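**Student:** Return a 3D structure for these sequence lines:
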Amino acid sequence: MKKNYFCSEKQKHEMTNRFSLTLKFYFMKNKTILLAAFPTLAGLVAESKANEQKRGQASLFSKPKLGYGILTFVIVFVLNMDLNATPSTQIWIPSTDFQAWKTLHLGIDNYLRTEKIDGVRGAGIYDIGLTTGLLPFKKFQGEIGVDYLSMGDNVYDDHPIYFNAKLGFPEGALFKNAPAIAVGAANVGLKKNLTNYNIIYGEIAKTLPIVGRLSIGYYTGNEKILVDENLKKANSGLLVSWDRAMPEISDKLWLAVDYQGGKNSFGALNVGFSWAFSKNVSVICGYDFYNNKKAYYNMNNQNANSFTTQLDINF
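**Tutor:** Predicted structure coming up:
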């Protein structure tokens, strides 16, 4: 028998208070790094209010409440951990980095549309993700992760869970001066022909003196949903990136440019920088120029360019 899990007004009030107190405590401990999370939280709150108005009641396990619960749990957990690891993406595309064994990475990303298309500013995209190291070896590495992704659309947001995984070899692992190699899967959703993008990719990367790290690869995915604005197949393309730490300016600064090919909603040129507030916490700020602004990323909105902030915490 299917159970119904609904919050009373008292329960919702208590849940909000606990969440607010947790954030206040975290902000007092580190006033800087929480700033990148504010757009995400604001978006989730707005989504929660809109959903309650449409549905007339809020489920205890509805998307916004689940998002609050995940974020609250992770923040409390992080406050009691010794953080140490590196992120495994560039600004937009996967990288050849891997989350280390017995470490965990928390990412809180948001994408805010900076333009209107036909007078409409599309909904923001909000992503809370956890990634952990999969293998205990130094020369053969892997990771696996899960994301709670809000697309600003009730159809997609009824299926917000996505999975990812990656295996490969770091630079120099296979032989002297060997490039890094990574193969993986991303955006593996649970709803057939809606969120199961099932992107499979492969990349190689090499760090060059002075120049920085250069990466190149290729991806392919579900041809039924990786389409252009005319619903024609657009499910593959190049993956290219450059990134470099900038110790000439500051050891805390990192720059990157990456590109994902294709006329689907994922295709984009992305530029940005990261600032490390500590060895474990950094924030990426970037801008996304989409290849096909006419492509739809949810049921109603087209691909206007976006500004992104990404809070990365490693523990």
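**Student:** what ranges of the stretch 201-315 of the chain fall below the confidence cut-off?
**Tutor:** Applying pLDDT under 70 to the stretch 201-315 of the chain flags no residue at all.
**Student:** can you map out the strands along it?
**Tutor:** 212-220, 236-245, 253-260, 268-276, 281-290, 306-314 (DSSP state E, counting those that start in this stretch).
**Student:** ok, now how distant is Gly172 from Thr207?
**Tutor:** Distance, Gly172 to Thr207, using CB to CB, to the nearest Å: 10 Å. All C-beta spots, glycine's among them, are computed from the backbone N, C-alpha and C.
**Student:** Could you do Gln260 as well?
**Tutor:** Remark: distance between Gln260 and Thr207 (CB to CB) = 21 Å.
**Student:** Neighbour count: those two, which is higher?
**Tutor:** Neighbour count, other CB atoms under 10 Å: between Gln260 and Thr207, Gln260 has more, with 26 against 15.
**Student:** so who does that one touch?
**Tutor:** Gln260 sits next to 92-93, 219, 237-239, 266-268 when contact means CB atoms under 8 Å, 6 or more residues apart in numbering.
**Student:** Then Gly286?
**Tutor:** By CB under 8 Å, 6+ apart, the contact set of Gly286 is 91-92, 256, 270-273, 307-308, 310.
**Student:** wait, is Val155 part of a helix?
**Tutor:** Yes. If the criterion is DSSP: H, G, I helix; E, B strand; the rest coil, then Val155 is within a helix.
**Student:** With adjacent residues omitted, what lies nearest to it?
**Tutor:** Met299 (5.0 Å; CB to CB, 6 or more residues apart in numbering).
**Student:** since we're on Leu106, how many residues are nearby?
**Tutor:** A count of nearby residues for Leu106, using other CB under 10 Å, gives 22.
**Student:** my read: it touches Gly129, true?
**Tutor:** Yes. Counting by CB atoms under 8 Å, Leu106 touches Gly129, with 7.4 Å between them.
**Student:** then stretch 112-128 to PDB, C-alphas only?
**Tutor:** Taking C-alpha atoms only, stretch 112-128 is exported to PDB below (Å, rounded to 0.1, in the frame of the first residue of the first chain):
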ATOM      1  CA  LEU A 112      21.600  31.800 -13.900                       C
ATOM      2  CA  ARG A 113      20.300  32.900 -17.300                       C
ATOM      3  CA  THR A 114      21.700  36.300 -18.200                       C
ATOM      4  CA  GLU A 115      19.600  36.900 -21.400                       C
ATOM      5  CA  LYS A 116      16.000  36.600 -22.500                       C
ATOM      6  CA  ILE A 117      14.800  34.700 -25.600                       C
ATOM      7  CA  ASP A 118      11.500  35.900 -27.000                       C
ATOM      8  CA  GLY A 119      11.100  38.000 -23.900                       C
ATOM      9  CA  VAL A 120      11.500  35.000 -21.600                       C
ATOM     10  CA  ARG A 121      14.300  34.600 -19.100                       C
ATOM     11  CA  GLY A 122      14.700  30.900 -18.600                       C
ATOM     12  CA  ALA A 123      14.700  29.100 -15.200                       C
ATOM     13  CA  GLY A 124      18.000  28.700 -13.400                       C
ATOM     14  CA  ILE A 125      19.600  25.300 -13.000                       C
ATOM     15  CA  TYR A 126      20.700  24.200  -9.600                       C
ATOM     16  CA  ASP A 127      22.800  21.100  -8.800                       C
ATOM     17  CA  ILE A 128      23.900  19.600  -5.500                       C
END
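**Student:** Could you tell me how far Trp101 is located from Phe169?
**Tutor:** Distance of Trp101 to Phe169, given as CB to CB: 15 Å.
**Student:** More neighbours: these two, which one.
**Tutor:** When Trp101 and Phe169 are compared for neighbours, Phe169 comes out ahead with 19 against 16, by other CB under 10 Å.
**Student:** The more buried one contacts Glu203, correct?
**Tutor:** No. Taking contacts as CB under 8 Å, Phe169 lies outside contact range of Glu203: 11.3 Å.
**Student:** hey, what's in contact with both of those two?
**Tutor:** Common neighbours of Phe169 and Glu203 (CB under 8 Å, 6+ apart) are 180-182.
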